[in-house]
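S.K.: Quick one: sequence plus predicted model below, questions after.
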Amino acid sequence: MVAGVDYGDSFKRDMGCSEQDFYRILPSAIAGYTFSLDGNRVTICDAEKNQQLRLTVNRLPDREIGMIRIPRIEVEFAFHNFTVAERQRFLTRFDHSYQRGGG
């Protein structure tokens, strides 16, 4: 996420990871929220604040760079009852959880 950019209540993001890795990392990426899975949909809730986030995860073709293949997914985010600041805080933590180091 770019600092200071408001993505609005709904947007899609192309992520360079497999579905398996996405679901493995998800609990730490959304710490403090409860979630449920239904097929390719994730519902994330904070009952105290009456907040809900729905994620829809779809497989995309791998990205190929020479002989390297990078798995990809498209994640659609649909926020309900989040302020802009709350959405940005959530996405900052979410993004940091999925960052990969290089070296």
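M.R.: Looks like it arrived, so ask away.
S.K.: wait, doesn't residue 51 sit right on residue 34?
M.R.: No - Residue 51 is beyond contact range of residue 34, at 10.9 Å (criterion: C-beta atoms under 8 Å). Every residue, glycine included, has its C-beta placed from N, CA and C.
S.K.: Looking at stretch 48-66 now, give me its mean pLDDT.
M.R.: Taken as a whole, stretch 48-66 has a mean pLDDT of 95.
S.K.: same question, stretch 27-34
M.R.: Average pLDDT, stretch 27-34: 93.
S.K.: what's next to that stretch, contact-wise?
M.R.: Outside of stretch 27-34, the residues within contact range by C-beta atoms under 8 Å, 6 or more residues apart in numbering are 35, 44-47, 53, 90, 93-94, 97-98.
S.K.: which neighbours do residue 51 and residue 34 share?
M.R.: Taking C-beta under 8 Å, 6+ apart as the contact criterion, the common neighbours of residue 51 and residue 34 are residue 45.
S.K.: sorry, back to before: for the contacts of stretch 27-34, work out which two are farthest apart.
M.R.: Looking at the contacts of stretch 27-34 by C-beta to C-beta, the two members farthest from one another are 47 and 98, with 25.1 Å of separation.
S.K.: Specify which residue of these two has the higher count of neighbours.
M.R.: Taking neighbours as other C-beta atoms under 10 Å, residue 47 and residue 98 compare with residue 98 leading, 17 against 9.
S.K.: May I have the longest strand along the chain as CSV, with CA atoms only?
M.R.: Across the chain, the longest stretch assigned as strand under DSSP state E is strand 51-65. Output for strand 51-65, consisting of C-alpha atoms alone and laid out as CSV, is shown next (Å, rounded to 0.1, in the frame of the first residue of the first chain):
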residue,chain,number,x,y,z
GLN,A,51,-16.6,-4.0,11.2
GLN,A,52,-16.5,-6.6,8.4
LEU,A,53,-14.0,-7.2,5.6
ARG,A,54,-14.7,-9.7,2.9
LEU,A,55,-11.8,-11.1,0.8
THR,A,56,-12.4,-13.0,-2.4
VAL,A,57,-9.3,-15.0,-3.5
ASN,A,58,-8.9,-16.1,-7.1
ARG,A,59,-6.0,-17.9,-8.7
LEU,A,60,-4.2,-16.1,-11.6
PRO,A,61,-1.8,-17.5,-14.1
ASP,A,62,1.8,-17.7,-12.9
ARG,A,63,4.1,-14.7,-13.7
GLU,A,64,7.0,-16.0,-15.8
ILE,A,65,10.3,-14.2,-15.8
